[in-house]
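[1] Predicted model, plus sequence, below.
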Amino acid sequence: QVRMVESGGGLAQPGGSLKLSCAASGFSFSTYAMGWYRQASGKDCEEVALIWSDGSRTRYAESVKGRAAISRDNAKSTVSLDMNNLKPEDTAVYYCNANDGITAVQGICAYAQARGQGMTVTVSS
């Protein structure tokens, strides 16, 4: 079955950096766009970054543009998110998931949550 194992979350200071990683299995990784999503307490899930299946294109939420870089390794079925200049508003539970181009962000997050995924990133001094 589909499995995503996220790592790299935790506590970081404002202005600091984190690298989030996700190892995927159980589906044809190289044929799907992959994204990082996050849900802050009391807020809707949002897409943070997306990378096309072949890595040729990326897109970022306005809130992280210039501070985040998504990358993938199709040979290893992994996707990563480098974030720097972290802000308290980056505090959230982060998920990685495939994006089929049809499912809405809330649905993508719901699937991830149903699989028991998610890691907490807390940005605080």
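    Done, it's in.

[2] Name the SS class of the residue most central in space within the chain, please.
    Residue closest to the mean C-alpha point of the chain, counted by CA atoms, centre = their mean, is Trp36 at 1.8 Å. Under the three-state scheme (DSSP: H, G, I helix; E, B strand; the rest coil), Trp36 adopts strand.

[3] What pLDDT is listed against it?
    Looking at Trp36, its pLDDT stands at 97.

[4] which residues pair with it across the strands?
    Ala49, Cys96 (DSSP bridges).

[5] could you show me where the helices are in the chain, in order?
    Using DSSP state H, the helices of the chain run over residues 105-114.

[6] How far away from the center of its chain is the helix or strand of the chain with the lowest mean pLDDT?
    Ranked by mean pLDDT, DSSP states H and E, the helix or strand of the chain with the weakest confidence is helix 105-114, at a mean of 90. Relative to the mean C-alpha coordinate of its chain, helix 105-114 is positioned 12 Å out (CA atoms, centre = their mean, to the nearest Å).
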